[in-house]
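K.L.:
Output the structure for:
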Amino acid sequence: MKKLLSILALVTACFGGTAAVAAEGGYPLEPAPVNTTDLFSLQRGAKLFVNYCLNCHGASMMRYNRLRDIGLTEDQIRENLLFTGDKVGDVMTVAMRSKDAKEWFGVAPPDLSVISRARGDAWLYTYLRTFYRDDTRATGWNNLVFPNVGMPHVLWELQGQRAAKFVEQEEHGQKVHKFVGFEQITPGQLSSVEYDGAVADLVAYLDWMGEPAQNQRRRLGVWVLLFLGVFTFLAWRLNASYWKDIK
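P.N.:
The predicted structure is shown next:
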């Protein structure tokens, strides 16, 4: 529990300051079409996570062998999702040192074990779909949900390169730049619909990773509520039967 609270604090510290800017900017978050009971979606999301996110971000509260819960065998995990030298029982960590990450990106990339619980699926889904080219940034990228983000667009090969179009408007006596749309610069490996689906798979996996037992908890919760309902009815009838002859 202490480790979980530490990770939540790190995530909040890394993202908290800019989150207010994004909220004040008023960019709307889109509901994430995720389904943590869809094992195939979680498997696709796990593949994206390992190939694109795990290069910089760790998930120190998740072990590779826990991926058996989403329908993968140890052989599949070993052959498709492990880097050289890693073992199935290892936690998902990165080789990049925090010192180097801070020097390159300005801040050490946060651990993603509980990023979905800290930020929410809608935030992650919209964030991963609103990167755009910005030559004024050191990485060459910016983001509508997370302005001046230090993270580059790691999925750009899938989505392609886009530019954001802004118009200058006057609001409350001040000039502001209002986003009006994207312009595709170079095509990606996926179509727009396919990319949105891939991001949904990745967010679903991040959601599941934040609490791998969530689906089992929900199933048990239904049975617990049913039991309590039946028990309450029996207790009510027993109470009525006990007091019926007492005036």
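K.L.:
So for Leu112, what's the nearest residue that isn't a sequence neighbour?
P.N.:
Spatial nearest neighbour of Leu112, excluding adjacent residues (C-beta to C-beta, 6 or more residues apart in numbering): His57 at 4.6 Å. (Glycine included, C-beta is placed from N, CA and C.)
K.L.:
sec struct for that neighbour, please.
P.N.:
Following DSSP: H, G, I helix; E, B strand; the rest coil, the label given to His57 is coil.
K.L.:
For it, the count of nearby residues, please.
P.N.:
Look at His57: counted by other C-beta atoms under 10 Å, it has 22 neighbours.
K.L.:
now swap in Glu183 and tell me
P.N.:
So Glu183, with other C-beta under 10 Å, has 11 neighbours.
K.L.:
average pLDDT for the one helix or strand it maps to?
P.N.:
Per DSSP states H and E, Glu183 falls inside strand 174-187. Across strand 174-187, pLDDT averages out at 89.
K.L.:
Give me the next element, helix or strand, following it.
P.N.:
helix 192-210.
K.L.:
now the longest helix along the chain against helix 192-210, angle please.
P.N.:
Using DSSP state H to define each element, the chain has its longest helix at helix 214-243. Angle, helix 214-243 to helix 192-210, by axes from the mean of the first three to the mean of the last three C-alpha atoms, to 10 degrees: 60 degrees.
K.L.:
tell me what helix 214-243 is packed against?
P.N.:
Here helix 214-243 touches no other helix or strand, going by 3 or more C-beta pairs under 8 Å, 6 or more residues apart in numbering; DSSP states H and E.
K.L.:
Can you check the pLDDT for the residue nearest to Leu112?
P.N.:
89.
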